[in-house]
Each structure stands twice: as structure tokens, then as C-alpha cells.
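Participant: Fold the following for me, if possible:
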Amino acid sequence: MSNTPLIPIGNVTACTNADTLAPEWGYIAALVAVVFYGSNFVPVKKFETGDGMFFQWVMSSAIISTGIVIQLIRQSTFYPLAMVGGVAWATGNITVVPIIKTIGMGLGLCIWGMSNLLSGWATGRFGFFGITPEVPEKVTLNYIGVSLAVFSAFIFSLIKNELQPVGEENDSLEDEHKLLQDHMPNYGSSSTETLYTTTNTQDILVFNRRRGSSVNRTDISGGEEQDSFFDRMSYTQKRIFGILLSLVSGVLYGQMFTGATRVQDNVKDASQNGLDYVFACFCGIYLSSTVYYCIYSIFMKNRPRVYPKVILPGIISGVMWAIATTSWFLANKVLSNAVAFPIVTTIPAVIASVWGVFVFKEIKGARNIGILLVGFCFSGGGAILAGLSKGSGSSLPKCS
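Facilitator: Down below sits the predicted model:
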């Protein structure tokens, strides 16, 4: 038996079994992450989500609940710095609706998807924000893999789902609003907004207004819709604002693990097991989401838009997201950020697209299917090359 002392961290030692995991376990964790990221919005596909603020808060409640279970099992030391990643994610996530309103799903998805990938990859690869650089064993393969993954985001953005064009959507909403005012003056919004999965990273929320849907005042509070700040912008202003917001959103998404990684790299005797930082990160998500929801409620004069039917689906979605993120924490440490990020930020697009083609029938036509297959080739090729760049050695220090 080794005489090397083990440093206790809560009830977890700094040298754990996770520290000796072979790269294969990192790939398995990455696989779990991409499957759940690509599927976690399926439970809420057919439910109203409104402006997304209530849904995000419900989802964050499920996320922290999952984090509490993990903490009870791990009993890890709590490092407040690891919360920064959760705050960054939640902050990036609330920008999705403004992005969709200003530049649309396709362009926004492409920009924040690429900036997410590059932000997280570059932080790990070059050691930004005080973390230790993680240089893959095969650097050239890693660079090629990242380039292919970034280009796949652009390919996927060319796919046209079965949605109304923006102009037609706005016209139809105005017509429906007038119709409701004439025939149902006691009702609020004139259409429902449905969240559906689309082709990119784990936290993409896209809203599809459907014509002819029934409206229930108990589901939507907050009164009649008025022209928003974004509706009053000129086309050029919308483009500039939306593009800048997409870049910022993606950068924030990519920093979800930076706080935890900095602790692992710089705090003496800190656990090297990524699972020991999940709870702190999830606390950051829940606390910041709650603060944002309170601010939103004040802005809405204590009449936030609440959608009760999305509560249970939102909880399921949040648990799935939490499982995916927990797996990603583990994959990052076993494979390194530079290897795991290109895999986990691109392959969920494949999973989401499969749902869109075979279950929800959102992606149709030879052109779209062809683009989808090309995107699969680029994202799959990028993920494979990024994985191969890891080499065969373990990235974690073994217990002696």
C-alpha cells in the first residue's frame, strides 16, 4: 500500500479514483453529455414558454436540485469561485430571446455557437484567466478539428426549419391580435410560443409562434403585448445589437468551467475531480437566474408571464441539462477543455437534428437533408480529430 498521504476535502480526498481514469471514460462522459444536451429540450417541445424567463427559472430550480443530490453524494468542499461559471452561463442564456428578436435564429445560432466553442477551447488551450494551458499531444489535429467544428455551426445555420418567415410571422401576429381584440377582449397574447430544440449547443432556446393556437389567460399573465425596445430599432441597429449580443452570449457560455478549472489549477490540495465543482457551478446558475427573474418581475410591474404547464416539462429538461453538464465536467478534466469542447459543443447538433427529422418533422426536403448530412460530416469529423488529438495518455495525475 502507498504511504502517500491523502488530503481530505470534505469527505472527498484530493486524490480520488477519478484521477486515474483512462481517456476512454472521458469519451464516455462526453457521449452522455452530447446525448442529453441534444435531447434536453424535447420534454418542453409542445409547451408554451413565453419570453423564456419563467422557463429558465424553473429549469434552474431543477438544475440546483440535481446539484444538491450530487453534493450529498460527493460532500465536496465548496469553492465560491466555481460559481462564476454558473453566473456566466445564466447571463448568456437570458440574451437568447433578444438575439432571436433582432437577428433571428439562424445567424444568432451560428455566431453564439462559434463564439462558445472558441471561447471555451481557447481558454483551456492557451490558459486564459489564470488557468494552466492544456496543450493536446497532437496540436495540429486539434486545430483542424476545432476549425471543422466551427464551420459545422455555419453549415447547420443554413437549415430552414418548418417555421414562418419573420415578416409573415409579424403580420400574422398583428392580424391575430386585432381578431382577439374584436372577439375576445379579455384575453392577452394572440399566439403561443413553443420552445423547440435546434441544431447547436446545450442551451439554445428558440421560440416558434404558432397561428391558430388557443390562449388561456391563466397561462399567460402580464397583460397585452406592446412594442418592445427591439421592435422600435431600425434594421441596422438590430443587426449590430444582435451580432454583438450573440458574440457576448457565446463567450459567456464558453466560460462555464473557468472558475472551477482555476481552483483546480491554483488552490493547493483542491480536488482534481470535476464532479466536486458541479454543485458550486449550479448554485451560481440558480442564484443568478433568481436575481434576473426578480429584476424581470419588477420590470413587468409584478405581472411576469407565467406558464404553469411548462413547470413539469421544465423540471425534466433541467435535470437532463444537469446530467449533461455533470458529464461535461468529468470529460473536461479527463480529456482537457481543448479536446472536450469541440466534441460537446458540436455533436448535440446531430442529436437535435435527428429529433427534428424523425420525430418532430421540422427538417424536411432534399435541400435541408443534404445540408444536414454535410453538417454531420463536418461536426463529426471535427469531433473525431479533436478526440484523436488527445493521444493515449491520461491527463490526470495518478495516485502514487
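Participant: buried set for the host helix or strand of Ile63?
Facilitator: For Ile63, the host element (DSSP states H and E) is helix 53-74. Residues 53-64, 66-67, 70-71, 74 are the ones in helix 53-74 that count as buried (16 or more other CB atoms under 10 Å). In this view, the C-beta of every residue, glycine as well, is placed from N, C-alpha and C.
Participant: How about stretch 83-100?
Facilitator: So, applying 16+ other CB under 10 Å, buried residues of stretch 83-100: 83-100.
Participant: now stretch 23-31
Facilitator: 23, 25-27, 29-30.
Participant: what does stretch 126-141 give?
Facilitator: Neighbour count says stretch 126-141 has 127, 131, 134, 136, 138, 141 buried, by 16+ other CB under 10 Å.
Participant: Please enumerate the helices of the stretch 51-200 of the chain.
Facilitator: For the stretch 51-200 of the chain, the helices defined by DSSP state H, counting those that start in this stretch cover 53-74, 83-93, 96-126, 139-157, 166-183.
Participant: Nearest to Phe257, out of the ones you listed?
Facilitator: Nearest to Phe257 among the helices of the stretch 51-200 of the chain is helix 83-93 (5.5 Å), distances taken as CB to CB.
Participant: got the CA positions of that closest one in PDB?
Facilitator: Once non-C-alpha atoms are left out, helix 83-93 reads as follows in PDB (Å, rounded to 0.1, in the frame of the first residue of the first chain):
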ATOM      1  CA  MET A  83     -20.000  29.700  -9.000                       C
ATOM      2  CA  VAL A  84     -18.700  32.200 -11.600                       C
ATOM      3  CA  GLY A  85     -19.100  29.700 -14.400                       C
ATOM      4  CA  GLY A  86     -22.800  29.300 -13.400                       C
ATOM      5  CA  VAL A  87     -23.400  33.000 -13.400                       C
ATOM      6  CA  ALA A  88     -21.700  33.300 -16.800                       C
ATOM      7  CA  TRP A  89     -24.000  30.600 -18.200                       C
ATOM      8  CA  ALA A  90     -27.200  32.100 -16.800                       C
ATOM      9  CA  THR A  91     -26.300  35.600 -18.000                       C
ATOM     10  CA  GLY A  92     -25.600  34.300 -21.500                       C
ATOM     11  CA  ASN A  93     -28.800  32.300 -21.500                       C
END
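Participant: can you count the residues close to Trp328?
Facilitator: By other CB atoms under 10 Å, 29 other residues sit near Trp328.
Participant: Assess the claim that it and Val35 are in contact.
Facilitator: No: Trp328 sits out of contact with Val35 when judged by CB atoms under 8 Å, with a separation of 11.8 Å.
Participant: Give me the phi and psi angles of the closest residue to Gly127 other than its chain neighbours.
Facilitator: Counting by CB to CB, 6 or more residues apart in numbering, Pro133 is the residue found nearest to Gly127 once chain neighbours are left out, at 3.4 Å. Taking degrees, to the nearest 10, you get phi -60, psi 140 for the backbone angles of Pro133.
Participant: which residue ranges form the helices in the stretch 301-400 of the chain?
Facilitator: With DSSP H, counting those that start in this stretch as the criterion, the stretch 301-400 of the chain has helices spanning 311-335, 337-344, 347-358, 366-388.
Participant: Burial check on Leu81, number of neighbours?
Facilitator: Per other CB under 10 Å, the neighbour tally for Leu81 reads 17.
Participant: Assess the claim that Val334 and Pro23 are in contact.
Facilitator: Yes: with contact defined as CB under 8 Å, Val334 counts as touching Pro23 (6.3 Å).
Participant: show me where pLDDT drops low in the stretch 51-200 of the chain?
Facilitator: For the stretch 51-200 of the chain, the stretches flagged by pLDDT under 70 are 104-110, 157, 159-200.
Participant: same question but for the stretch 301-400 of the chain, I mixed them up
Facilitator: 360, 362-363, 391-400.
Participant: ok, now with 80
Facilitator: Residue ranges of the stretch 301-400 of the chain with pLDDT under 80: 337-338, 346-350, 352-365, 368-369, 371-372, 375-376, 379-380, 383-384, 387-388, 390-400.
Participant: where's Lys46, which helix or strand?
Facilitator: Per DSSP H and E, there is no helix or strand for Lys46.
Participant: which other helices and strands contact whichever strand or helix holds Leu31?
Facilitator: Using DSSP H and E, Leu31 sits within helix 23-39. Contact partners of helix 23-39 among helices and strands, from 3 or more CB pairs under 8 Å, 6 or more residues apart in numbering; DSSP states H and E: helix 311-335, helix 337-344, helix 347-358.
Participant: what's the most buried one of those helices?
Facilitator: Of all these, helix 337-344 carries the top mean neighbour count, a mean of 30, counting by mean count of other CB atoms under 10 Å.
Participant: Which elements pack onto that helix?
Facilitator: Against helix 337-344 (3+ CB pairs under 8 Å, 6+ apart) you get helix 23-39, helix 96-126, helix 139-157, helix 311-335, helix 366-388.
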